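need a structure here:
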Amino acid sequence: MKKLMLTAVAAIFAAGAAHAADKVTLQLKWVTQAQFAGYYVAKDKGFYEEEGLDVEILPGGPDIAPPQVIAGGGADVIVEWMPAALAAREKGLPLVNIAQPFTSSGMMLTCRKDTGITSPADFKGKTLGVWFFGNEFPFLSWMAQLGLPTEGGDDGVTVLKQGFNVDPILNKQADCVSTMTYNEYWQIIDAGISPDDLIVFKYEEQGVATLEDGLYVLEQNLADPAFEDKMVRFVRASMKGWKYAEANPDEAAGIVLENDATGAQTEEHQKRMMGEVAKLTAGSTGALDPAAYERTVKSLLSGGSDPVISKAPEGAWTHAISDKAL
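Purely as a prediction, here's the structure:
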């Protein structure tokens, strides 16, 4: 009887501990894939649980804008690219970057060599595929710096609103398309086009790279000590997940696949993606590099007559969370 009572008491305490876990909802920028492996690994390996957190990870998609989700109360923290976050902040949504797992940009413009394009100077008169929904900002800043209008014509470029695929380059509807080093570029290769028949322009190498896949929260929530503490634990566990994913890429890819409810992802694709994503998070502690932030802001301000943002933002990032977490 005594043993049964002790077991019952232990069960009550366990239930209480589970109930006491702080809920955190994370909205991803895109669908479940290795681009977000660190978060899935942190959940799978119990890193969030160790920090007393119950984390729900919400996949994104073509019809999901993370800033809108957090503005509507559907998430505590979102994964977003800095250009979109800063543009949203200027429009009145006070997003703040609390951590930056990605130190490098994976953004590229991939072109067919048979178009005659050998350098950005050859973009004139060409049709370029561009993602929108906030992803167009780095491209528009780049074109402004090159002095290329985006309304078409012989002296400018024609912008094709690209779906989240590479069909325009496969069908020769566009001379170049937007790709990521870890995803769409490989879709072109898998479709049968040889790397020798392509030329790629990495935003990082063109000096127009902007920060991608940062963690953002609403500014007013940071005034709540309980929320701040929750985010400190969340960032600490998330970065532990990212470092584990970097060190164990195949296992991380497998964890991502286990969380893909759509069944659309393949093992080969996710392993390859994880290998490329690890290059972008390598060396990151999770703390935002102020110099990289300033470079991003400078790029976004250099948009000619229609810049992405009209002035340098204030209060758009903080080290308060990452300093305590790391």
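
CA only for contacts and neighbour counts going forward, please
Fine.

Pull the contacting residues for Cys111.
The contact partners of Cys111, by CA atoms under 8 Å, 6 or more residues apart in numbering, come to 117, 169, 175-177, 198-200.

so of those residues, which ones are in strands?
If you go by DSSP state E, those have 176-177, 198-200 in strands.

ok so, going back, please check the contacts of Cys111 and keep the buried ones.
Buried members of those, counted by 16 or more other CA atoms under 10 Å: 117, 169, 175-177, 198-200.

The spatially closest residue to Thr210 that is not a sequence neighbour - how many residues pack around it?
Leaving aside its chain neighbours, Thr210 sits nearest to Thr296 (4.6 Å; criterion: CA to CA, 6 or more residues apart in numbering). By other CA atoms under 10 Å, the residues close to Thr296 number 21.

Need phi/psi at Thr296.
phi -60, psi -50 (degrees, to the nearest 10).

What of Asn248?
Residue torsions, per degrees, to the nearest 10, at Asn248 are phi -130, psi 60.

Relative to Ile255, how far out is it?
11 Å (CA to CA, to the nearest Å).

the more surrounded of those two?
Ile255 (22 against 14).

Can you say which helix or strand has that one in it?
Using DSSP states H and E, Ile255 falls within helix 249-258.

can you list contacts of that helix?
32-34, 37-38, 40-41, 44, 244-245, 263, 265-267, 270-271, 274-275, 278.

Okay, strands next: where are they in the protein?
Under DSSP E, the chain gives strands at 22-27, 53-58, 77-80, 95-99, 107-112, 127-130, 158-161, 176-180, 198-202, 214-218.

Next, the angle from the first one to strand 53-58.
Translated: strand 22-27. Relative orientation of strand 22-27 versus strand 53-58 (axes from the mean of the first three to the mean of the last three CA atoms, to 10 degrees): 20 degrees.

pLDDT on strand 22-27, on average?
Over the span of strand 22-27, the pLDDT mean works out to 98.
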